[in-house]
Structure formats: structure tokens, C-alpha cells
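A.B. asks: give the three-dimensional model of this entry:
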Amino acid sequence: MNYLTEEKIREIEDELTKIIVKQYDLSTEYLLFNNTNFFTYLDTANPSTLGKLGKSKQKRSDLKIIGLSMMVSPENNIPLFHETYSGNRNDAKRFSEVIVSLKKRYKQIQRGNKRITLVFDKGNNNEDNIEELLNEEPCSFHFVGGLRLSQCADLLDIPKEEYIPLDGECFKGATAYRTTRNMYKKETSVVITYNPELFKEQLEGVMNNTEKCKVKMFELQESLAARADGKVTKGKKPTIDSITKRISGILSSQHMKEVFDYTVSTSKNGLLRVTYSLNNEKLEDVKYKIQKNLDFSSITVRYSLFNLCLQNSLLKIFIQEAVLFQTYLPEQKNR
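C.D. replies: Predicted structure coming up:
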């Protein structure tokens, strides 16, 4: 194993990638990128520089984790490059460290002079990363990335009548509105999309999570009532801090902290109680927000790429829905 250095592993991977791309005629014009991490069973005293304590994507914070960066092809999601790193690193910071390395490695398999478009999620966004992607050394990347809706909140108010239907069976009624905005000090295309199929799935997830949270909050209420009535006397006595932490865990799923109101208080006799309610007004706000997705791109002429949704799965990089849509979409009125 002493002969199998990191440099040798990269050389082997690069040679395999060249063969795979040539043998199966894979397009490398667009590549998908993501960072993730996975937990290990490394002993706490293990001197490994890769394994570090941190919160894994599988919600484990008690085990050492290792980070993984991957670039895959949109065709059959074939991994082409990977880098491992200490798992407790921030995604955006890690992306800045790996961009140049990925560019150099991509250049080894580049066919012709086509300019690659790298697709990534919003967790990798910052001004330095966008600058480095567009840097001509060792080669320049186009990019398509996600944005937080709050970054272009005014686009949420654009009437659906101004959206353009997206052609193709795979879009199933999806529509989009395109404009340009200065994002991270660069002129970019910004596209807000409405996908009824995706909205249906997301809404179902939100409503399922609200029901689960209701049940768990009720159970917590009942357990505190049982202790107050003397039915439960064993175990560690709950405190405001411990109950607040428990509620935070119950409401850890996306949007749940937004839609539930709660209070943890102490009665005159010193007993704890919890009150909670589902805030229907905030729930409607969440329903409104999840209808739409916001993407931005360095590609400002003739076409854009849409509906890029990355999700962790096997090998922690699985493209759940990555529709690379290349077409002419006229720019609507700049707002």
C-alpha cells in the first residue's frame, strides 16, 4: 500500500476515466458536481487525517466522518472524478479547494475545445468560487447552480402568465421565467421555474412531516403531563433547556421550525409544560415558496439549463432529477 499514493490513485482514476469516456462515447460537455460525507467506524484515537468528528449527512455526530467530492456524467450518472477530504469541512470552502484540481483533471480527458458546464447546488456558492470557475487557468468552466429564493425574492411575485412552457415530455407542465441579474459580482442568467410534479412531491413531504411532528409534540406534551401527575417519577428530571433541545430535534425536518409555534414554560409549582400549534399562515407561505426553484448560470446567451435537483444516495451522489435542458429561451423583461 505504500506504493499506492494519492498521486498514483489519481493517475489510475484519470486513465480509467479516459478509457471509459472513449469506449462509451460519453459527453463531457456537462458534468454534475456535489460534496457529501459518510460516517465510518474509525476508532476515536485513530490518527487518520481524513476521519474527523462532525455531523454526517446521515445525522450521525458520534462517529468520524470522511468527505467526498464527485463529478459525474449526466449520462447514466457515471463517476468520473473524486476527491476525499476531512469530513468536517464546509461545502463552499471545500469547493474552493477542489476547483483547480478538478479543472486540471478534466483537461486530461477533454475532447476538442468544448467548454464544460459544471452543475452544482447552492451550498457551493460564494464570490470566490464563481470567480475561480470562470478563471481561464487552467481552463474556464461555465456553471449552473441553485440560488436561495430570498436572493431574488421579487421574482416570486411574477405572474404565472409570464412564464414560458418548457418543451419536452420530461417537463410535464413545467414553466420558466428567465431574466438576468448580477449575482456574486457577475452578470448571470437567472431562471425561476415552476414544476407541478416536483411541487406535488414536495408538498406531500411537507404535509407528512407536519403530521409526524404533531404526533411527536403531543407525545411530549403527554409525557410532561404524566410527570406532573406523578405517574412518571423515574429518569432525569426535564429542564427547559432539555425540552427545548428535544423540540428542536422533533422539528428538524425542513420547514418544520417555520410552521410550528411553541412555548416551553414553568408552572407555579415548578412543573414544565409545552404548548404548540401549527401556524397555518406560515404553512401557506411555505407552500407558496416550494412551488418554485431558482437557478443561475454564467450562460447568458441563447440557452439555459433547468431543473437541477441533486440528492444524496448510493455513494452519496445520486442525481434524483437532473434534466439538462438546452434550448433557446428568450429573455423576458428585466425586473
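A.B. asks: drop to CA atoms for contacts and neighbour counts, all remaining ones
C.D. replies: OK.
A.B. asks: can you pull out the low-pLDDT segments for the chain?
C.D. replies: Along the chain, the parts satisfying pLDDT under 70 run over 1-2, 110-115, 167-171, 300-335.
A.B. asks: could you rerun that using 90?
C.D. replies: Along the chain, the parts satisfying pLDDT under 90 run over 1-150, 153-180, 185-202, 225-238, 254, 266-273, 285, 287-335.
A.B. asks: tell me the domain ranges of it?
C.D. replies: 6-192+292-328, 199-286 (automatic domain parsing).
A.B. asks: CSV for the ones you listed, including mean neighbour count?
C.D. replies: Formatted as CSV, the domains of the chain follow (neighbours: other C-alpha atoms under 10 Å):
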stretch, mean neighbour count
domain 6-192+292-328, 17
domain 199-286, 14
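A.B. asks: all helices of this structure, in order?
C.D. replies: With DSSP state H as the criterion, the chain has helices at 6-23, 91-109, 127-134, 196-228, 240-250, 256-259, 280-289.
A.B. asks: of those helices, which is nearest residue 156?
C.D. replies: helix 280-289 (7.9 Å; C-alpha to C-alpha).
A.B. asks: same for that closest one, what does it pack against?
C.D. replies: Applying 3 or more C-alpha pairs under 8 Å, 6 or more residues apart in numbering; DSSP states H and E, one finds that helix 280-289 contacts helix 256-259.
A.B. asks: gap between the helix it packs on and the chain center?
C.D. replies: Chain-centre distance of helix 256-259: 19 Å, with C-alpha atoms, centre = their mean, to the nearest Å.
A.B. asks: so which elements touch it?
C.D. replies: helix 196-228, helix 280-289.
A.B. asks: can you redo those as CSV with distance to residue 82?
C.D. replies: Below are the helices and strands packed on helix 256-259 laid out as CSV (distance: least, C-alpha to C-alpha, whole Å):
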stretch, distance to residue 82
helix 196-228, 29
helix 280-289, 34
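A.B. asks: so which of those is nearest residue 149?
C.D. replies: helix 280-289 (7.7 Å).
A.B. asks: how far out from the middle of the chain is the closest one?
C.D. replies: 21 Å.
A.B. asks: just the CA coordinates for it, please, in PDB.
C.D. replies: What follows is helix 280-289 as a C-alpha-only set of coordinates in PDB (Å, rounded to 0.1, in the frame of the first residue of the first chain):
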ATOM      1  CA  ASN A 280     -51.500  27.900   9.100                       C
ATOM      2  CA  GLU A 281     -50.400  31.300   7.800                       C
ATOM      3  CA  LYS A 282     -46.700  30.300   7.800                       C
ATOM      4  CA  LEU A 283     -47.700  26.900   6.300                       C
ATOM      5  CA  GLU A 284     -49.300  28.700   3.400                       C
ATOM      6  CA  ASP A 285     -46.100  30.800   3.000                       C
ATOM      7  CA  VAL A 286     -44.100  27.500   2.800                       C
ATOM      8  CA  LYS A 287     -46.500  26.100   0.200                       C
ATOM      9  CA  TYR A 288     -46.000  29.200  -1.900                       C
ATOM     10  CA  LYS A 289     -42.200  29.000  -1.700                       C
END
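A.B. asks: which other residues reach that helix?
C.D. replies: By C-alpha atoms under 8 Å, 6 or more residues apart in numbering, the residues outside helix 280-289 that reach it are 149, 156, 203, 255, 258-259.
A.B. asks: now those as JSON lines including distance to residue 177?
C.D. replies: Below are the contacts of helix 280-289 laid out as JSON lines (distance: C-alpha to C-alpha, whole Å):
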{"residue": "149", "distance to residue 177": "14"}
{"residue": "156", "distance to residue 177": "10"}
{"residue": "203", "distance to residue 177": "22"}
{"residue": "255", "distance to residue 177": "25"}
{"residue": "258", "distance to residue 177": "27"}
{"residue": "259", "distance to residue 177": "28"}
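A.B. asks: what's the closest of these to residue 95?
C.D. replies: residue 149 (21.7 Å).
A.B. asks: contacting residues around the closest one?
C.D. replies: 156, 289, 293-294.
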